[in-house]
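Student: Quick one, what's the 3D model for this:
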Amino acid sequence: MKKPLLTSIFHLYYDGFSTMNKTSRKLWLIIFIKLFIMFAILKVLFFPDFLKSKFKNDKERGEYVIEQLTKTKR
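Tutor: Okay, the predicted model is just below:
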């Protein structure tokens with residue numbers, strides 16, 4: 001009988017990670033730390049919520065976005 005696709009994928013990764021050596025585990029740890037820094041910390045510091053700071057409610061935000069998307073350049 002054939003296993004479901006998600007079960008097969010889970011076992012593939014589980015077996016792969018459980019048989020890794022120390023160097024591979026350290027490299028994956030470094031990758032996860034870098035991804036956390038890029039997506040969590042840098043987003044908060046360099047990409048503030050512009051629309052929330054400039055407009056009071058969702059209607060004003062929506063109108064501004066539509067205006068910017070449909071504005072023609074002269």
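
Student: Show me where this structure dips below the pLDDT cut-off.
Tutor: Applying pLDDT under 70 to the chain flags the ranges 1, 74.

Student: all strands of it, in order?
Tutor: Here the chain has no strands by DSSP state E.

Student: show me where it has helices.
Tutor: 5-18, 22-36, 42-46, 50-54, 58-70 (DSSP state H).

Student: and stretch 11-20, which residues are buried?
Tutor: By 16 or more other C-beta atoms under 10 Å, stretch 11-20 has no buried positions at all. All C-beta atoms are positioned from the backbone trio N, CA, C, and that covers glycine.

Student: quick one: contacts of it?
Tutor: 3, 28 (C-beta atoms under 8 Å, 6 or more residues apart in numbering).

Student: Same question for stretch 60-74.
Tutor: 51-52, 54-55.

Student: and which of those is nearest K26?
Tutor: Of all the contacts of stretch 60-74, K52 has the smallest distance to K26: 39.2 Å, by C-beta to C-beta.

Student: Now that closest one: closest residue in space that isn't a chain neighbour?
Tutor: What sits nearest to K52 in space, not counting adjacent residues and going by C-beta to C-beta, 6 or more residues apart in numbering, is R61, at 7.7 Å.

Student: So what's the residue count around the one you found?
Tutor: By other C-beta atoms under 10 Å, 15 other residues sit near R61.
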